[in-house]
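Enquirer: Predicted model and sequence below, questions to follow.
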Amino acid sequence: MRMLMTILYDIRFQWRHGFYFVYLLVCTIYLILLHSIPVHYKETAALLLTFSDPSALGLILAGGIVLLEKDQGIHDSLFVTPIRLREYLIAKSISLSIISVLSAWVIHIFALGMPSSPFLFTFAVMLTSSFFTLLSIGVVVRSQSINGFILLSQLYALPFALPLLDFFDIGPRFMYLIFPTEGSLLLLKSMLQQIAVGEAIYGVIILSIGNAVVFFWAQYSFNQNILLNMGSGEG
Amino acid sequence: MIKKLKALMRNDARQIWNDPLLMASLLGPIAVIVFARFIVPPLSSWIEQQYAFSIFLYSDFIATFLLLTIPLLSGTFAGLLMLDERDENMISYYAVTPLTRRGYFAYRLFWPCLLTFGLSSLFFICSGITSIRIESLYSVLLLTIEAPCLALFLAAYAANKVEGLALSKISGLLFAGPIIAAFTPFPWSYLGIWIPTYWPAKSYILAVSGESLLSLGAFGIGLVLHLLFFKSMLGSFMKRID
């Protein structure tokens, strides 16, 4: 129940700050853009758009939210309530994933129609979104200003863009298998065509491992940089 | 006044070393120039070999697209910095100094203008993918007005840095301007004329195709539109801070 309330609170916060409106506008523009792209490039463009924007929206937005909460001193009062840090992190991931999934579906339905594997497509967007949200939170607790955070988040996220090279058949595939985003791109391909069972299993496993690792890293970082400084005037 | 500005500039110069994004707003456009100069030519040869598709045919579009990153970067950076300082109540602090609140905002908008003017001129001179002609100045001037417009847009319509980040997402959509200017045929290009970023791209593309008079016309319309946008953004912003 507490978890559900935390998620609902986060969704309300994101609604109030115009995230849903912004993404409605962003999706509309993407759809116009996809409409003007020649048919044989449209599917690839839609896949890359889904990977780079709705799926990765948490990378910038989650950090911004945490920085604002830090400035407003919300953490001091929030973490004296029974809420646990893991619930706070999960709520952020799930609430932002909802915007990602809705946007990805809107783009897909209106540009290309129904995805080939709706379940895998949704799963890919959700797990990629939560991965970038948690990465963002791990980064933002190391930043003092919004500008510093933006730069640092791009640096941390850069290695996870490497599987795009594999997407364009540059370099041997085994080099990219360790990146969770290789799993994202593989699973997102399911929006266009059926993918092999082995590929789907690999995609789900590597993305889940990536999420687990980045979750513990974000939890550790938040604990060290925010919770342990609370009350000292730095949190 | 000069003394007060000098103090603020000294503080900013110190901040450049402390705040990585201040540095990035300078280095980002330089990286774009390096990319245009040294990466675009081998990349286009590679694409031509792999896909039998020459992107050199689109070098004017690539130039206008890359040029736009300069005002977007410096404008967004200035807007977010103003929001950050507002969230931390720094603006109230500046307001009671002899600089005054208005002086502080004028100063904050001066930097993106200067950076955009200098770096987009540098892009024309050094990128190797643009043709340098007197009409290039039209695009540089329009881009220079875009940077403070964007900063004001973020500072006027965002209540805090989170909303600023969400709005900066929308400002990324300004890339539609050069896309429409380069690819959209008449009468669909009418959609683009309302996007400020359409005009520097259109003016440049017309100049490159030898239409000097039309390029001047595009600059004239673009200038009026940019000044109207600037006035409207400044109005919204002043209403917000008063």
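Expert: Nice, thanks for sending it over.
Enquirer: residue ranges with poor pLDDT in chain A?
Expert: A:230-235 (pLDDT under 70).
Enquirer: Chain B now?
Expert: Using pLDDT under 70, chain B drops low at B:1-5, B:8-9, B:11-22, B:24, B:186, B:242.
Enquirer: Spell out which residues of it are next to chain A.
Expert: Proximity of chain B to chain A, by Cβ under 8 Å from any Cβ of the partner chain, involves residues B:19-22, B:24, B:77, B:80-81, B:83-84, B:87-88, B:159-167, B:169-170, B:173, B:176, B:179, B:183-184. No exception for glycine: its C-beta is placed from N, CA and C like everyone else's.
Enquirer: So which of those residues belong to helices?
Expert: B:20-22, B:24, B:77, B:80-81, B:83-84, B:87, B:161-167, B:169-170, B:176, B:179, B:183 (DSSP state H).
Enquirer: and these, which are buried?
Expert: Buried by 16 or more other Cβ atoms under 10 Å in any protein chain shown: B:20-22, B:24, B:77, B:80-81, B:83-84, B:87, B:161-167, B:169-170, B:176, B:179, out of those.
Enquirer: And the residue most central in space within chain B, its phi and psi?
Expert: Centroid check for chain B by Cα atoms, centre = their mean gives B:P71 as the closest residue, at 1.3 Å. Phi and psi for B:P71, reported as degrees, to the nearest 10, are phi -70, psi -30.
Enquirer: Can you name the next helix or strand after the helix or strand harbouring B:T64?
Expert: Assessed by DSSP states H and E, B:T64 sits inside helix B:59-87. Under the assignment DSSP H and E, the closest C-terminal helix or strand after helix B:59-87 is helix B:90-95.
Enquirer: For A:I60, see how far away the residue in chain A that chain B sits nearest to is.
Expert: Nearest to chain B in chain A, going by Cβ to the nearest Cβ, is A:N147, at a distance of 3.0 Å. Between A:N147 and A:I60 the distance, using Cβ to Cβ, to the nearest Å, works out to 12 Å.
Enquirer: And B:F123, by the same measure?
Expert: 26 Å.
Enquirer: between those two, who's got more neighbours?
Expert: Using other Cβ atoms under 10 Å in any protein chain shown, the more surrounded residue of B:F123 and A:I60 is B:F123, with 27 against 22.
Enquirer: mind listing what that one touches?
Expert: Taking Cβ atoms under 8 Å, 6 or more residues apart in numbering or on different chains, we find B:F123 in contact with B:29, B:32-33, B:36, B:63, B:66-67, B:70, B:130.
Enquirer: now do 7 Å
Expert: Neighbouring residues of B:F123 by Cβ atoms under 7 Å, 6 or more residues apart in numbering or on different chains: B:33, B:67, B:70, B:130.
Enquirer: out of those residues, what pair is the most spread apart?
Expert: B:I70 and B:T130 (12.6 Å; Cβ to Cβ).
Enquirer: Mind checking which of these two has more residues around it?
Expert: More crowded of B:I70 and B:T130, by other Cβ under 10 Å: B:I70, with 30 against 23.
Enquirer: The nearest residue to the more buried one once chain neighbours are set aside: how many residues sit nearby?
Expert: The shortest distance from B:I70 to any non-neighbouring residue, by Cβ to Cβ, 6 or more residues apart in numbering or on different chains, is to B:P29 (4.5 Å). Residues contacting B:P29 under the criterion other Cβ under 10 Å number 25.
Enquirer: Go ahead and confirm B:P29 touches B:L119.
Expert: Yes: using Cβ atoms under 7 Å, B:P29 is in contact with B:L119, at 4.2 Å.
Enquirer: so what sits against both of these two?
Expert: Joint contacts of B:P29 and B:L119 (Cβ under 7 Å, 6+ apart) are B:I70.
Enquirer: how about the helix or strand hosting A:Y202: buried residues?
Expert: Here A:Y202, judged by DSSP H and E, is contained in helix A:197-225. The neighbour-count check on helix A:197-225 (16+ other Cβ under 10 Å) flags A:200, A:202-204, A:206-207, A:210-211, A:214-215, A:218-219, A:221-222, A:225 as buried.
Enquirer: residue contacts, A:P115?
Expert: A:108, A:121, A:190-191.
Enquirer: any idea which element it lies in?
Expert: A:P115 belongs to no helix or strand, assigned by DSSP H and E.
Enquirer: Would you list the phi and psi of it?
Expert: Torsion angles, degrees, to the nearest 10, at A:P115: phi -60, psi 150.
Enquirer: Please report how far it lies from B:V162.
Expert: Taken as Cβ to Cβ, the span from A:P115 to B:V162 is 31 Å.
Enquirer: same question, B:S136
Expert: Distance from B:S136 to B:V162, by Cβ to Cβ: 38 Å.
Enquirer: just B:F124 next, same as before
Expert: 36 Å.
Enquirer: How about B:S92?
Expert: For B:S92 relative to B:V162 (Cβ to Cβ), the value is 20 Å.
Enquirer: do the same with A:S55
Expert: From A:S55 over to B:V162 (counting by Cβ to Cβ), the distance is 20 Å.
Enquirer: near chain B, which residues of chain A show up?
Expert: By the rule Cβ under 7 Å from any Cβ of the partner chain, the part of chain A lying against chain B is A:17-19, A:22, A:25-26, A:29, A:60-61, A:64-65, A:67-68, A:71, A:145-148, A:150-152.
Enquirer: thought A:V66 was touching A:G138?
Expert: No: between A:V66 and A:G138 there is no contact under Cβ under 7 Å: 10.1 Å.
Enquirer: Start and end of stretch A:80-89, how far apart?
Expert: 16 Å (Cα to Cα, to the nearest Å).
Enquirer: List the buried residues of that stretch.
Expert: A:83, A:85, A:88-89.
Enquirer: Look up how far A:E43 lies from A:P159.
Expert: In terms of Cβ to Cβ, A:P159 sits 26 Å off from A:E43.
Enquirer: the more surrounded of the two?
Expert: More crowded of A:P159 and A:E43, by other Cβ under 10 Å: A:E43, with 17 against 10.
Enquirer: which one is that one nearest to, not counting chain neighbours?
Expert: A:L192 (5.0 Å).
Enquirer: In CSV: the contacts of B:F123, plus distance to B:S215.
Expert: As requested, the contacts of B:F123 are exported to CSV (distance: Cβ to Cβ, whole Å):
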residue, distance to B:S215
B:I33, 23
B:L67, 15
B:I70, 20
B:T130, 14
